[in-house]
Structures are given as structure tokens and as C-alpha cells.
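Participant: structure for the following, please:
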Amino acid sequence: MLFRHGVLQLTHFWDEEGEIVLASSFVAGHLRREEGCGVQMVRAEGTGVWHANGKPSVGIKANIYITPDTVTFESIQVSEDNCASAVTGYFVGTPLDGVKHAGHGAGQWVSVGAPVAGRGSQLLGQDTVQSGHCSFGTPYSFGTFDWPIPWLCRVGAGAAKRFSIVHQRFTIDPSGDMTASKAGASGSAKLSDPTSDY
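Facilitator: Predicted coordinates for the structure are as follows:
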């Protein structure tokens, strides 16, 4: 363990079974236990919502943080693992029904940077949370798309360990309006909104 940036830096933070169960932080001269590690996302400042006019579609860019902010995870790497989507309503029987996360960001290792107060240790990169064009016929109806994405971490060339499940979700309503959300970040677009980029 190393002290850095006023918080306790952990070089190893999972148990012998490979699950992250707690982290420790140094506050006012005392060690305290934190209940696990997680992922928080916040819409990237200065970015808009991606959308194609007349097509159900939505997308956001998000900054990513590993929590808690009282511990630094700087210099580890994290990656999203593969999973299959679960869908309801409008998305049942479409190409999004059961689609795998592989090829959509899974398997890419990203380094973690310094902690940001109130957020956590920030990844050195952003997440793109995008539905694509969801024009699967009319009438539109309520529906949900969910990727329950396992998040992995590793130290150096060490073995990958799962530490969280992060849900990437899209919803659609009978008007064709959509919302995207992931780990606390979200954005919405109406079917009639003008075409826009991030």
C-alpha cells in the first residue's frame, strides 16, 4: 500500500477468490472500510446528444470513474467483458434481441488515472453509449434494451478480476422517443428532434 494524493493507494484490492469486496481509505488518521468498488459515469462536459431526425436513436459521451473517490485506483486497467442483451416490448425479435457486447467495446483495456474528488479515479478515455438507428417498423411501442456488462480490472500483467456489473440501457416509447443511460449518465432524444452529434 502507498499513500498518494492524500488518499490510500491500494496495489491489490481483491480477495483470494478473485472478487473485490472492500477497499480501505485513510481519513483523519484512521483507516475505514469502503463497501466495494463500482463504476460511475457522468455526461462529458460540452457534449450533446447524438440523434438522427425521424429515426428512433440516441447517444451520449460519458466520463468514467472507478469509485469510491477516497481510494485511488490509478495505474490499474479496466475493461468491459462480453454479455448478451435482454430486451422487452418493441425490441423483441429485432437484431438487438440477444445481441452480444463483443465488437461494441468489450475487451478493450483502458488505464485508470488519478482520483477526482466526489467522483472517483477517472479512466483515461470516454464511453460512447449509443443505440444506433432503431427503425424496426411502426407503430412504435414501449421497449427496453439492457446490456448487463461485467467490468474487469487487472494490475500490470496480472489476471483479470470482475469487480462490477454495469447496465447499459436504452428505452423507447410509442412516440419513438428514446433515452440512453449507463452508470448514472443519461440522455434523451425525441423522434422529431433535429439531427445532432455529440
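Participant: in terms of helices and strands, where is Ser175?
Facilitator: Assigned by DSSP states H and E, Ser175 falls within no helix or strand.
Participant: surely it meets Lys190?
Facilitator: Yes - with contact defined as C-beta atoms under 8 Å, Ser175 reaches Lys190; the gap is 7.2 Å. For every residue, glycine as well, the C-beta is placed using N, CA and C.
Participant: these two: which has the busier surroundings?
Facilitator: Neighbours were counted for Ser175 and for Lys190 using other C-beta atoms under 10 Å; Lys190 has more, 15 against 12.
Participant: quick one, what contacts the more buried one?
Facilitator: Counting by C-beta atoms under 8 Å, 6 or more residues apart in numbering, Lys190 makes contact with 175-177.
Participant: that one and Phe145, how far apart?
Facilitator: Between Lys190 and Phe145 the distance is 18 Å, computed by C-beta to C-beta, to the nearest Å.
Participant: so what touches stretch 167-183?
Facilitator: Contacts for stretch 167-183 (C-beta under 8 Å, 6+ apart): 39-41, 56-60, 62, 64, 89-91, 127, 129-131, 134, 139-149, 166, 186-191.
Participant: tell me the buried residues within the residues you listed.
Facilitator: Buried members of the contacts of stretch 167-183, scored by 16 or more other C-beta atoms under 10 Å, are 39-41, 56-60, 62, 64, 90-91, 127, 129-131, 134, 140, 143-147, 149, 166, 186-187, 189, 191.
Participant: return the subset of those residues lying in strands.
Facilitator: Of the positions in these, 39-41, 59-60, 62, 64, 127, 129-130, 143-147, 149, 166, 186-187, 189 sit in strands, assigned by DSSP state E.
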